[in-house]
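Engineer: Turn this into a structure:
(chains A and B)
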Amino acid sequence: MNNTLLRLSAFAMLVSCTLISCDKDDDSNSNNTEPGTVNIEFKNRAAGNNLELNTTTYSNAMGQDFKFTKFRYILSNFRLKKSDGTYYNVPESYYLIDEAVSNSEKVNLTNVPAGTYTALEFIIGVDSARNTSGAQTGALDPTTGMFWTWNSGYIFVMMEGLAASSPSGDLTFHIGGYKGANNCIRTSTVNFSSNLNVGKDKSPELEIDVNVLEMFKAPNAIDFTTLSNTMGGPTSVLVADNYIDMFTFNSITD
Amino acid sequence: MQNMSSLYVLCLTFITLCFAACKDNENESIDVTFKVPAGWPAPVYNNPANPITEAGFKLGRKLFYDPQLSRDNTVSCGSCHQQFAAFANLDHKVSHGIDNLLGTRNAPPMFNLAWHPTFMWDGGVNHIEVMPLAPIGNPVEMDEQIDNVIAKLRADNEYRFMFKEAFGTDSINSQKMLLAFAQFMSLMVSANSKYDKVMDGQAIFSSEEASGYSFFKKHCNGCHTEPLMTNFTYRNNGLDNTFADLGRGLITQQPNDMGLFKVPSLRNIALSKPYMHDGRFQTLEACIEHYNSGIKSSATVDSLVASGIAISTQEKTALISFLNTLTDSTFITDKRFIEQ
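Structural biologist: Numbers count the residues shown, from 1 in each chain, chains lettered A, B, ... in the order given. This next block holds a predicted model:
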């Protein structure tokens, strides 16, 4: 008798569990609340074309010719703005984008809650907390060469190149620093021209243009005869105030 | 024939004993409990994600003494940080690095590092875990790329074994290497000097030491603050009118920081000559005389020393007696920190 009762209750529990979970699944399917993936591509562009290292000659806003030999940057703390004005903060979002490393410009955000998004926000560089938290890994691993060992902190944007107008012939723009007046952390907001819809079976592609010449352009037009080498400090801040405008919306493909 | 086989047995026994000895040494149990000495503030470094384990500490120690961490495999951390000098570099004004190159600064002693808010004379390094990256990458110290260091460690079976012991996986990366270093370095606590015993009521100062301590509390404690014997601030102690080394100013690029250096701890000071950021003074007498008669004026000279600290011959002798009570001989002979 007791045994039968136990079995019955166990069966009842099992049935209710199944029903509850079915119920949940049904809800998700009908409202499409399952998370999805957003595939972002950062397209480094200059003078209307894809950026080319070593070969193509570009001009800065002062009309001085130069070439890029290295171009890499760290983006972090991604958040997607929902149509209701709230944000989804992407956890542990730290990415190193290196012109010399294919596919590094592709950033896939997985497990993004379903919904309609209107903008992407991120930090150009690394938040001050991670600059002061000791040994990191992934995009922040010091083996990437984006960490200053003698004055702890990350290089946010590393541009190296060649320019006849530079006294040394070289361009060394290592922009970083998280403290006080020399803080080079900038927040970039990329507003979408059309909505980004995320949900089950939807992995939209988001293309963002990175207009690399902006870092030398405005508001502080960089003159390579007087500034060709900066590794943090007030001259780096000039460049940071320029690169805040570097990222713009290109397209969304559903 | 019988002789041969006795010899054989003897050899075998000998070899076995050798292995057993090696094994004993490797398995030697080490106390890795981190203890905050009585009356000390809480340490700055207390990373719950990096608890000190015996395996992690031993790995950190091996890394500290390993010349593979330099470009040509000749210079280790221990080359410039010698235990008998409280992990400073005895008799070297500045660091003597790779290819016989000289650095620009005096290698600081290493102890009580878990309490340091910043590292280096200019405070440029902001965390104990990233501290080893600076000397490894410095072109006149160890001059090696971190990715090369990691490649060397990955190619070394013993390291793969030790990383597995310490972190549960033999996949070696810079983060795990730095965590092991931090375990070793943070356990280097020096708090067993005569001064500490006096404060703890287990010993008493001689009358000369006591009068030196009185002088210290009146004139030195403002920067060399007890119990760590430094308050970790940056000061210009009047060494020069103009600065060959901008010190803290190199890091902040602020005019007020030009010529400032971090106040060093006076613990173990009798062991770690020469003195000052550039090792210019060979003796404690010379240091004290600097504050008495050698202060040079400049825009950033510290107000606490700007007009000098007058000291009589008798007071000087007493002060040196007191400074000698800050020597912790158990720390410099502690077997846990010796190269294995």
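Engineer: In contact with the residue in the stretch 51-200 of chain B positioned nearest to chain A, which residues?
Structural biologist: Proximity to chain A, evaluated over the stretch 51-200 of chain B using C-beta to the nearest C-beta, is greatest for residue B:129 at 3.2 Å. In this view, the C-beta of every residue, glycine as well, is placed from N, C-alpha and C. If a contact means C-beta atoms under 8 Å, 6 or more residues apart in numbering or on different chains, then residue B:129 has A:134, A:135, B:47, B:50, B:178, B:179, B:181, B:182 as its contacts.
Engineer: rerun that using 10 Å as the cut-off
Structural biologist: Applying C-beta atoms under 10 Å, 6 or more residues apart in numbering or on different chains to residue B:129 gives the contacts A:133-136, A:152, B:45, B:47, B:50, B:175, B:177-183, B:185-186.
Engineer: what does residue B:252 give?
Structural biologist: For residue B:252, the contacting residues are A:151, A:179-182, A:233, B:122-124, B:234, B:246, B:258, B:260, by C-beta under 10 Å, 6+ apart.
Engineer: Show me what from the stretch 151-300 of chain B comes close to chain A.
Structural biologist: On the criterion C-beta under 10 Å from any C-beta of the partner chain, chain A has as its neighbours in the stretch 151-300 of chain B the residues B:151, B:173-182, B:250-254.
Engineer: So how do I select the buried members of the residues you listed in ChimeraX?
Structural biologist: One line in ChimeraX is enough to select the buried members of these, burial here meaning 16 or more other C-beta atoms under 10 Å in any protein chain shown:
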select /B:173,174,175,176,177,178,179,180,181,182,250,251,252,253
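Engineer: ok, the residues of the stretch 151-300 of chain B next to chain A vs residue A:215, which is closest?
Structural biologist: Residue A:215 lies nearest to residue B:253 out of those, by C-beta to C-beta, at 20.7 Å.
Engineer: isn't the closest one right next to residue A:233, touching?
Structural biologist: Yes: proximity of residue B:253 to residue A:233 meets the contact threshold set by C-beta atoms under 10 Å, at 4.6 Å.
Engineer: Quickly list what's touching both of those two.
Structural biologist: Both residue B:253 and residue A:233 are contacted by A:177, A:181, A:182, under the criterion C-beta under 10 Å, 6+ apart.
Engineer: where do the strands sit along the stretch 101-250 of chain A?
Structural biologist: In order along the chain, the stretch 101-250 of chain A carries the following strands (DSSP state E, counting those that start in this stretch): A:106-112, A:115-124, A:147-148, A:153-162, A:170-176, A:186-198, A:205-211, A:229-231, A:247-253.
Engineer: In terms of secondary structure, what does the shortest one contact?
Structural biologist: It refers to strand A:147-148. Using 3 or more C-beta pairs under 10 Å, 6 or more residues apart in numbering or on different chains; DSSP states H and E as the contact criterion, the elements in contact with strand A:147-148 are strand A:153-162, strand A:170-176, helix B:133-137.
Engineer: Now render the ones you listed as JSON lines, adding mean neighbour count and distance to residue A:95.
Structural biologist: Converted to JSON lines, these look like this (neighbours: other C-beta atoms under 10 Å in any protein chain shown; distance: least, C-beta to C-beta, whole Å):
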{"stretch": "strand A:153-162", "mean neighbour count": "23", "distance to residue A:95": "12"}
{"stretch": "strand A:170-176", "mean neighbour count": "22", "distance to residue A:95": "16"}
{"stretch": "helix B:133-137", "mean neighbour count": "23", "distance to residue A:95": "22"}
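Engineer: could those go into JSON lines alongside mean pLDDT and distance to residue B:57?
Structural biologist: Below are the helices and strands packed on strand A:147-148 laid out as JSON lines (pLDDT from 0 to 100; distance: least, C-beta to C-beta, whole Å):
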{"stretch": "strand A:153-162", "mean pLDDT": "98", "distance to residue B:57": "28"}
{"stretch": "strand A:170-176", "mean pLDDT": "98", "distance to residue B:57": "33"}
{"stretch": "helix B:133-137", "mean pLDDT": "96", "distance to residue B:57": "20"}
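Engineer: Quick check: the gap between residue B:226 and residue B:266.
Structural biologist: Shown here: residue B:226 relative to residue B:266, a distance of 10 Å by C-beta to C-beta, to the nearest Å.
Engineer: Common neighbours of the two, please.
Structural biologist: With C-beta under 10 Å, 6+ apart applied, the overlap between the contact sets of residue B:226 and residue B:266 consists of B:195, B:216, B:220.
Engineer: rewinding a little: distance to residue B:104 added to the helices and strands packed on strand A:147-148, as CSV?
Structural biologist: Converted to CSV, these look like this (distance: least, C-beta to C-beta, whole Å):
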stretch, distance to residue B:104
strand A:153-162, 21
strand A:170-176, 21
helix B:133-137, 13
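Engineer: what's the neighbour count on residue B:39?
Structural biologist: For residue B:39, the tally of surrounding residues (other C-beta atoms under 10 Å in any protein chain shown) stands at 11.
Engineer: Look at it and give its secondary structure.
Structural biologist: The three-state label for residue B:39, taken from DSSP: H, G, I helix; E, B strand; the rest coil, comes out as coil.
Engineer: what sits against it?
Structural biologist: In this structure, residue B:39 makes contact with B:191, B:196, B:199, B:200, B:226, B:227, judged by C-beta under 10 Å, 6+ apart.
Engineer: can you map out the helices along the stretch 1-150 of chain A?
Structural biologist: Chain-ordered helices for the stretch 1-150 of chain A, with DSSP state H, counting those that start in this stretch as the definition, fall at A:2-31, A:128-131.
Engineer: what's the least confident stretch among these?
Structural biologist: Per-stretch averages of pLDDT across those put helix A:2-31 at the bottom, with a mean of 45.
Engineer: Now do the domain split for the chain, please.
Structural biologist: Picking chain A for this. Using automatic domain parsing, the domains assigned to chain A come out as A:1-31, A:34-253.
Engineer: My question was about chain B, not that one.
Structural biologist: With automatic domain parsing as the criterion, the domains of chain B are listed as B:41-189, B:194-330.
Engineer: Now for the contacts of residue B:39: which two are most distant?
Structural biologist: Comparing every pair within the contacts of residue B:39 by C-beta to C-beta identifies B:200 and B:226 as the most remote, at 13.1 Å.
Engineer: ok, the two, which is more surrounded?
Structural biologist: Regarding residue B:200 and residue B:226, a neighbour count based on other C-beta under 10 Å identifies residue B:226 as having more, with 17 against 13.
Engineer: Next up, the contacts around the more buried one.
Structural biologist: Under the criterion of C-beta under 10 Å, 6+ apart, the contact list for residue B:226 reads B:39, B:40, B:195, B:199, B:213, B:216, B:217, B:220, B:266.
Engineer: same thing with residue A:250?
Structural biologist: By C-beta under 10 Å, 6+ apart, the contact set of residue A:250 is A:41, A:42, A:43, A:45, A:190, A:193, A:206, A:207, A:208, A:209, A:210.
Engineer: Sweet, I'm off.
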